[in-house]
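K.L.:
Any chance you can model this:
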Amino acid sequence: MVLNPRVLVKTAARVAEARKAYDITILDISMVSMIADYFLICTGKSSIHVRSIAEEIRKAIEKEVGLVPRLEGRREARWVLMDYGDLVVHIFLEDERRFYNLERLWGDAGELTLAKV
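P.N.:
You can find the predicted model right below:
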């Protein structure tokens, strides 16, 4: 089955928004990197919140398209990375997001709004 990566992005963004993640950013990195097509970056208010957002995204994507991500950082839940191949989801606590500043690091990537996904 060939999966449109935008389906993954849309599902992850919808769930992140429903779980009250904030500062949701979608970067189209397909023209500047071969590691993925999209990054979804969002912020949680606490480690519990970050973990909850990650768990709900994992459940929704597994249910809708049958994909299970490679996960990093779930135990500490300061920066959870979920690798779906074409989509990499980054869920940060605010201090970590500010420190790593992926939007600046991937400044050549195009930014999408939730409405355009």
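K.L.:
pretty sure E62 contacts M82?
P.N.:
No - in this structure E62 lies outside contact range of M82 using C-beta atoms under 8 Å: 11.1 Å. Where C-beta positions appear, they are placed from N, C-alpha and C, glycine not excepted.
K.L.:
More neighbours: those two, which one.
P.N.:
M82 (23 against 12; other C-beta atoms under 10 Å).
K.L.:
is it true that that one touches G73?
P.N.:
No - the pair M82 / G73 is not scored as a contact, 9.3 Å apart, by C-beta under 8 Å.
K.L.:
State the phi and psi torsions of the most centrally placed residue in the chain.
P.N.:
What sits nearest the mean C-alpha location of the chain, by C-alpha atoms, centre = their mean, is V89, with 2.2 Å. Taking degrees, to the nearest 10, you get phi -100, psi 130 for the backbone angles of V89.
K.L.:
Likewise for I53?
P.N.:
phi -60, psi -50.
K.L.:
So it sits against A21, correct?
P.N.:
Yes - using C-beta under 8 Å, I53 is in contact with A21, at 5.0 Å.
K.L.:
Which pLDDT value belongs to M34?
P.N.:
On pLDDT, M34 comes in at 88.
K.L.:
Same question for the one 5 residues further on.
P.N.:
You'll see F39 listed with a pLDDT of 95.
K.L.:
Sticking with the closest residue to it other than its chain neighbours, tell me its helix or strand.
P.N.:
In space, F39 comes closest to L27 once its chain neighbours are excluded; the distance is 4.3 Å by C-beta to C-beta, 6 or more residues apart in numbering. Taking DSSP states H and E as the criterion, L27 maps to strand 22-28.
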